[in-house]
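**Student:** Need a 3D model of the sequence below.
(one chain, ligands or ions: 2)
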Amino acid sequence: MAKLTVKDLEVRGQRVFVRVDFNVPMEEKDGQMVVTDATRIKETLPTLCLLIKGGAKVILASHLGRPKGKPEPSMSLRPVAAKLVEMLGCGVDFVADCVGDQVEKAVAGMQAGQVVLLENVRFHSEEEANDPAFAEAMAKVADVYVNDAFGSAHRAHASTEGVARVVAKRGGKCAAGLLMERELKFLGDELENPARPFVVILGGAKVSEKILVIDCLLEKADTILIGGAMAYTFRLAQGYQTGQSLVEADKGEVAKAALAKAKMKNVPFLLPADDVVAVPVKTDKLDKKGKPVIDWQNPRVNSDMNCPDDAAGLDIGPATIKAYSEAVAKARTILWNGPMGLFENKQFAAGTNAIARAVAEATQKGAKSIIGGGDSVKALNKAGLGDKVTFMSTGGGASLEFLEGKVLPGVAALSDKGCCCCS
Ligand code: 3PG
Ligand code: MG
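**Tutor:** Ligands and ions are numbered 1, 2, ... in the order given. Next comes the predicted model:
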């Protein structure tokens, strides 16, 4: 059943508790944390503006990072409040906790149309435990609940699920925000009966992360194109040598089952016919995450389905780019999730960039293109093509789980449109 949305609400003078996903990338600059990609904030502005104009008292809650249930200064949402002021063009009060006296006091002093941002909900371990008492405590300042945090909707946490339950139990309304509504429309309704041909491009490192999506999309897609390191798990399952490529050796049976299902369903399931390989050489440098930096030597196109023993496959090759681009050009609906190679490294970005261009060109000719979050969004933005597709999801894990056909707890908790308490 369709969910109630923020457009269905009468919010004037109401305290509207809005769960947003302001889990945005940050970096330290001159001793201060600053937001380096504000896409998730920008995408919630339509909901926030609607509520502000409607005269709501807007109380924003989010998590940031994984602080493990205790305050962690580098994961404070305070810098996000500063960014939000800049982007909204109006004042936003920051409250240094998400429950308790200071929150209640701040909200009691709010006027219609004002906005407060609460501190990171994950500074309390009860958030991820979806503790009922903690949800009650947060819900103290909520007459109405709005969830615009699609990126967190796969989590059954207190602020994504528990607070909605408390508000609904009291007879309050729980609605989807405009971003949530758009995400459900594009990743859900639009892919239910897609204009055909429906071409799906899946990449990324791991078959294990995508296998349920593959299984589900084999029911709907006309063609599936596979890239990224996960292609090597399929190659391994077909008996080819994968050299030093990233493979999930224990996922051979899973890969074989997907290939068999594609055959049975008569869905062309394309694996790269050529690739770019290079020899990994460890250096003593460490990256930002403390992992040894690898120097990739002798990068070259490899047209053999076997990978040389000393090399790893890092991108799709020119013949694959051509074949995949041609399939994309024929599509009327495109779903893309996951890069075609190690695109963060310029030497191995050609495949991902070519697919980004093919998707943008097909969109310009009338195809609907939907980008399922995470690294493919990063890659499109890096290629300067972010505004040339129909829709880019703000969810990573959430969009995958949704595409697997799972019911997301954050969505399930919202009021149904037309139910007796909401009509
Ligand atoms: C995300 O970026 O994946 C969402 O904000 C959810 O965060 P989480 O994976 O830490 O739950
Ligand atoms: Mg995640």
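
**Student:** Which of the three states applies to Ala362?
**Tutor:** Secondary structure assignment for Ala362 (DSSP: H, G, I helix; E, B strand; the rest coil): helix.

**Student:** can you tell me which residues contact it?
**Tutor:** Residues in contact with Ala362 (C-beta atoms under 8 Å, 6 or more residues apart in numbering) are 328-329, 331, 334, 369. In this view, the C-beta of every residue, glycine as well, is placed from N, C-alpha and C.

**Student:** Also Ala237?
**Tutor:** Contacts of Ala237 (C-beta under 8 Å, 6+ apart): 251-253, 255-256, 259.

**Student:** One more: Gly252?
**Tutor:** By C-beta under 8 Å, 6+ apart, the contact list for Gly252 reads 233, 236-237.

**Student:** looking at the contacts of Ala237, which has the most residues close by?
**Tutor:** Each of the contacts of Ala237 was scored by neighbours using other C-beta atoms under 10 Å; the highest score is Ala255's, at 26 neighbours.

**Student:** Quick check: that residue is in a strand.
**Tutor:** No: going by three-state DSSP, the assignment for Ala255 is helix, not a strand.

**Student:** heads up, I number from 54, so please use that
**Tutor:** All right, first residue 54 from here; so that's Ala308.

**Student:** What sits closest to it if chain neighbours are left out?
**Tutor:** Ala290 (3.9 Å; C-beta to C-beta, 6 or more residues apart in numbering).

**Student:** looking at it, Ile369 is touching Met393, isn't it?
**Tutor:** Yes: between Ile369 and Met393 there is a contact at 4.8 Å, judged by C-beta atoms under 8 Å.

**Student:** So between the two, which is more surrounded?
**Tutor:** Neighbour count, other C-beta under 10 Å: between Ile369 and Met393, Met393 has more, with 36 against 32.

**Student:** Show me what from the stretch 204-353 of the chain comes close to ligand 1.
**Tutor:** Proximity of the stretch 204-353 of the chain to ligand 1, by C-beta under 6 Å from any ligand atom, involves residues 204-205, 208.

**Student:** repeat that with 8 Å
**Tutor:** Proximity of the stretch 204-353 of the chain to ligand 1 (C-beta under 8 Å from any ligand atom) is limited to residues 204-205, 207-208, 210.

**Student:** Any chance of a markdown table for these, columns secondary structure and pLDDT?
**Tutor:** Putting these into a markdown table (DSSP: H, G, I helix; E, B strand; the rest coil; pLDDT from 0 to 100) gives the following:
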| residue | secondary structure | pLDDT |
| --- | --- | --- |
| Gly204 | helix | 97 |
| Ser205 | helix | 98 |
| His207 | coil | 98 |
| Arg208 | coil | 98 |
| His210 | coil | 98 |
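
**Student:** of all the residues you listed, which two lie farthest apart?
**Tutor:** Taking C-beta to C-beta as the measure, these span a maximum distance of 12.4 Å, between Gly204 and His210.

**Student:** Okay, now the unreliable bits of the stretch 354-476 of the chain?
**Tutor:** 472-476 (pLDDT under 70).

**Student:** The stretch 104-253 of the chain: strands as residue ranges?
**Tutor:** Ranges of strands within the stretch 104-253 of the chain are 110-114, 146-148, 168-171, 197-200, 227-229, 251-255, based on DSSP state E, counting those that start in this stretch.

**Student:** Turn these into JSON lines, columns for mean pLDDT and mean neighbour count.
**Tutor:** Below are the strands of the stretch 104-253 of the chain laid out as JSON lines (pLDDT from 0 to 100; neighbours: other C-beta atoms under 10 Å):
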{"stretch": "strand 110-114", "mean pLDDT": "98", "mean neighbour count": "27"}
{"stretch": "strand 146-148", "mean pLDDT": "98", "mean neighbour count": "19"}
{"stretch": "strand 168-171", "mean pLDDT": "98", "mean neighbour count": "23"}
{"stretch": "strand 197-200", "mean pLDDT": "98", "mean neighbour count": "28"}
{"stretch": "strand 227-229", "mean pLDDT": "98", "mean neighbour count": "27"}
{"stretch": "strand 251-255", "mean pLDDT": "97", "mean neighbour count": "27"}
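
**Student:** just to revisit the earlier point, pull up the overlap in contacts between Ile369 and Met393.
**Tutor:** In contact with both Ile369 and Met393: 280, 377, 404, using C-beta under 8 Å, 6+ apart.

**Student:** from those residues, which ones fall inside helices?
**Tutor:** Mapping the shared contacts of Ile369 and Met393 onto helices (DSSP state H) picks out 377, 404.

**Student:** Pick the one among the shared contacts of Ile369 and Met393 closest to ligand 1.
**Tutor:** Gly280 (22.0 Å; C-beta to the nearest ligand atom).

**Student:** Give the burial count for the closest one, as a bare number.
**Tutor:** 27.

**Student:** Do you know the pLDDT at it?
**Tutor:** We have a pLDDT of 97 for Gly280.

**Student:** got a list of what it touches?
**Tutor:** 254-256, 325, 369, 373, 377, 391-394, 404-405, 408.

**Student:** Which residue comes closest to it once chain neighbours are left out?
**Tutor:** That would be Met393: by C-beta to C-beta, 6+ apart, it lies 3.5 Å from Gly280.

**Student:** re earlier: just the contacts of Gly305 now: which is nearest ligand 1?
**Tutor:** Ranked by distance to ligand 1 (C-beta to the nearest ligand atom), those are led by Thr286 at 23.3 Å.

**Student:** wait, doesn't the closest one sit right on Ala258?
**Tutor:** No: applying C-beta under 8 Å, one finds Thr286 not in contact with Ala258, separated by 9.5 Å.

**Student:** The closest residue to ligand 1 within the chain: what secondary structure?
**Tutor:** Closest residue of the chain to ligand 1, C-beta to the nearest ligand atom: Asn76 (3.4 Å). Assigned by three-state DSSP, the conformation of Asn76 is coil.
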